[in-house]
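A.B. asks: Following is a predicted model, sequence given first.
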Amino acid sequence: MTAEIFAFHRQSVGPVRFDVMFGGWVVTRYSDVDRVLTGHGTFSSDEVRYSAQPVPHKDNPVLGSLMSMDPPRHHELRRIVSQVFTPRAVAALEPMITSTVADFVTGGDFDLINDVAYPLSIHTIAGLLGVDPVLWPDFVRWSEAITSLMFSGA
């Protein structure tokens, strides 16, 4: 194994590494993650503004969303959104969540992630946002379309 390959291999499995396939840095230790998430003067969520390389998917609407914003704008919008996600609002959805899980798991074998966790999270968020249950299939489709753009390079 050459020194270059060995160095890359070591970097590709370390707690802080650049993942070529993902096209970004992967940080796995709590202290490092905490530093990245709270060190707004050094680290940014705004990929378009601070990318070291051209961003081919710069028109992706997800890049203009709350998760791609830095403080103080991120904090301003998060305060507004968090008013919907209160413990009381979540508790009020418990009967719906219980019923939905029961519907998902009846009928035999199921995949916990694909058949329960994933649709349950989207249905719960739709419920918190006040989306009419009749529109939940649309909400799921819209959510999938938006989030699929994140890794599509579009």
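C.D. replies: Received, thanks. Just so we're clear, the structure is a prediction, and the values are computed from it rather than from any experiment.
A.B. asks: For Tyr118, pull up the helix or strand it's in.
C.D. replies: Using DSSP states H and E, Tyr118 sits in helix 118-128.
A.B. asks: Now that helix - C-alpha only, CSV.
C.D. replies: What follows is helix 118-128, C-alpha atoms only, in CSV (Å, rounded to 0.1, in the frame of the first residue of the first chain):
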residue,chain,number,x,y,z
TYR,A,118,-40.3,7.1,7.9
PRO,A,119,-44.0,7.6,7.2
LEU,A,120,-44.8,8.1,10.9
SER,A,121,-42.3,11.0,11.1
ILE,A,122,-43.8,12.7,8.0
HIS,A,123,-47.4,12.1,9.2
THR,A,124,-46.5,13.5,12.6
ILE,A,125,-45.0,16.7,11.2
ALA,A,126,-48.0,17.1,8.9
GLY,A,127,-50.2,16.8,11.9
LEU,A,128,-48.2,19.4,13.8
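A.B. asks: can you pull out the strands in the chain?
C.D. replies: 16-19, 24-27 (DSSP state E).
A.B. asks: pLDDT weak spots in the protein?
C.D. replies: Within the chain, the ranges that satisfy pLDDT under 70 run 1-13, 149-154.
A.B. asks: at 80 what do you get?
C.D. replies: By pLDDT under 80, the weakly predicted segments of the chain are 1-14, 20-24, 47-48, 50-64, 67, 107, 145-154.
A.B. asks: Same list (the strands of the chain) but as JSON lines, adding mean neighbour count.
C.D. replies: For glycine as for every other residue, the C-beta is placed from the backbone atoms N, C-alpha and C. Shown next, in JSON lines, are the strands of the chain (neighbours: other C-beta atoms under 10 Å):
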{"stretch": "strand 16-19", "mean neighbour count": "13"}
{"stretch": "strand 24-27", "mean neighbour count": "13"}
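A.B. asks: Compile the ones you listed into CSV and extend it with columns for distance to Met69.
C.D. replies: Below are the strands of the chain laid out as CSV (distance: least, C-beta to C-beta, whole Å):
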stretch, distance to Met69
strand 16-19, 23
strand 24-27, 17
